[in-house]
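> no FASTA, just this:
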């Protein structure tokens with residue numbers, strides 16, 4: 001299956017913002033959220049598997065792909081706003097309850113959706129991230145080198161947009177290349193095209209992660225709020241190299257956790273789609 005096999009539509013979520021949403025299959029709903037610097041296309045292989053018995057819903061996150069890219073007001077790209085988008089998309093498609101999986105940026109949105117909308121999210125999967133507060137805690141000293149882009153895009157508006165805009169393909173292509181990706185030429189070109197057209201909104205998404213998202217997650221940590229639905233986390237074994245126990249960090253947030261280490265690069269839905277699809281099926285059976 002490739003992206004031409006998906007049905008596409010635009011769905012309005014809030015404040016006139018419309019998301020580009022791809023769907024395929026039939027059955028109980030599973031929403032898949034993409035990461036950086038990608039679009040819903042990253043799920044093409046996993047969706048082909050799940051579509052046999054599930055309705056698979058794959059939005060481009062606001063500010064990414066072919067979804068709208070509204071100007072940032074401070075909350076526009078908060079994970080709370082983006083999580084509400086996900087609930088709105090599912091509801092528009094007739095689903096009040098759904099399983100949810102996210103990779104990278106999409107995993108942070110899924111995390112927030114699980115905390116804010118537990119009555120809607122039945123199962124939750126996170127691919128290759130830590131919760132936001134834990135991520136900032138471990139990105140210290142030389143460990144922060146691997147996440148230099150987090151610090152760049154957290155700066156006040158202007159600098160990151162200008163620097164990235166000067167050489168967008170070099171910037172976005174850097175991550176596609178070093179994070180273990182091996183993409184067909186047309187797929188890589190599509191990721192670069194979509195990212196070039198979304199520099200301002202992508203930076204705003206990352207800036208929110210260092211500001212308002214920290215505020216929201218801190219409030220949940222202090223209140224003792226947990227992800228109460230079954231949770232599966234798939235990660236590379238980068239915790240050992242950076243000096244932390246990823247499983248332990250996730251256990252502080254999820255009361256029903258299945259944490260698995262995957263032997264591939266960051267783009268695991270494309271590098272090891274059978275492993276990811278199998279883990280999602282195991283999650284859905286819990």
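That came in fine, so what should we check first? Not measured: the values here are computed from a predicted model.
> where does the chain dip in pLDDT?
1-4, 181, 239-242 (pLDDT under 70).
> Helices of that one, start to end?
44-50, 79-92, 105-116, 132-138, 148-153, 159-166, 168-178, 185-196, 199-209, 212-223, 238-242, 246-251, 268-271, 273-284 (DSSP state H).
> out of these, nearest to residue 126?
helix 105-116 (4.2 Å; CB to CB). Every C-beta, even on glycine, is put in place using the N, C-alpha and C of the backbone.
> In terms of secondary structure, what does that closest one contact?
strand 28-33, helix 79-92, strand 98-103, strand 121-127, helix 212-223 (3 or more CB pairs under 8 Å, 6 or more residues apart in numbering; DSSP states H and E).
> Please produce CSV containing these, extended by mean neighbour count.
Below are the helices and strands packed on helix 105-116 laid out as CSV (neighbours: other CB atoms under 10 Å):
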stretch, mean neighbour count
strand 28-33, 25
helix 79-92, 22
strand 98-103, 26
strand 121-127, 25
helix 212-223, 15
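> Dump those to CSV, plus distance to residue 154.
Formatted as CSV, the helices and strands packed on helix 105-116 follow (distance: least, CB to CB, whole Å):
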stretch, distance to residue 154
strand 28-33, 21
helix 79-92, 15
strand 98-103, 20
strand 121-127, 21
helix 212-223, 10
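> in this protein, which residue is closest to the centre?
Nearest to the geometric centre of the chain sits residue 106, at 1.2 Å (CA atoms, centre = their mean).
> So residue 10 is in contact with residue 22, correct?
No - under the criterion of CB atoms under 8 Å, residue 10 makes no contact with residue 22, lying 11.0 Å away.
> Please say which of those two ends up with more neighbours.
residue 22 (24 against 11; other CB atoms under 10 Å).
> circling back to that earlier point, grab the nearest non-local neighbour of the residue nearest to the centre of the chain.
Once flanking residues are discounted, residue 106 sits nearest to residue 33: 2.8 Å by CB to CB, 6 or more residues apart in numbering.
> same check, this time on residue 97
Nearest to residue 97 is residue 122, by CB to CB, 6+ apart, at 5.3 Å.
> Provide a list of residues in contact with the one you found.
Residues counted as contacts of residue 122 (CB atoms under 8 Å, 6 or more residues apart in numbering) are 97-99, 229.
> out of those residues, which one sits closest to residue 54?
Nearest to residue 54 among the contacts of residue 122, with distances taken as CB to CB, is residue 99, at 8.1 Å.
> Hmm, residue 28 and that closest one touching each other?
Yes - with contact defined as CB under 8 Å, residue 99 reaches residue 28; the gap is 7.4 Å.
> which residues are common contacts for those two?
residue 284.
> Run a quick neighbour tally on residue 174.
13.
> nope, residue 119 is what I was after
Residue 119: 9 neighbours (other CB under 10 Å).
> distance of it from residue 233?
Distance, residue 119 to residue 233, by CB to CB, to the nearest Å: 22 Å.
> what's the answer for residue 148, then?
24 Å.
> Just want to know which of the two has more residues nearby.
Applying other CB under 10 Å to residue 148 and residue 233 shows that residue 233 carries more neighbours, namely 26 against 10.
> Please list all residues in contact with the more buried one.
Residue 233 neighbours (CB under 8 Å, 6+ apart): 125-127, 246-247, 250, 254, 257-260.
> which one of these is nearest residue 211?
residue 126 (21.4 Å).
> do you know how far the closest residue to that closest one other than its chain neighbours is from residue 206?
Counting by CB to CB, 6+ apart, the nearest residue to residue 126 once its immediate chain neighbours are dropped is residue 107, at 4.2 Å. Distance of residue 107 to residue 206, computed by CB to CB: 14 Å.
> Who has more neighbours out of those two?
Set residue 107 next to residue 206 and count neighbours by other CB under 10 Å: residue 107 wins out with 26 against 22.
> What distance do you get for residue 229 to residue 258?
For residue 229 relative to residue 258 (CB to CB), the value is 12 Å.
> likewise residue 116?
In terms of CB to CB, residue 116 sits 22 Å off from residue 258.
> repeat for residue 18
For residue 18, the distance to residue 258 - CB to CB - is 35 Å.
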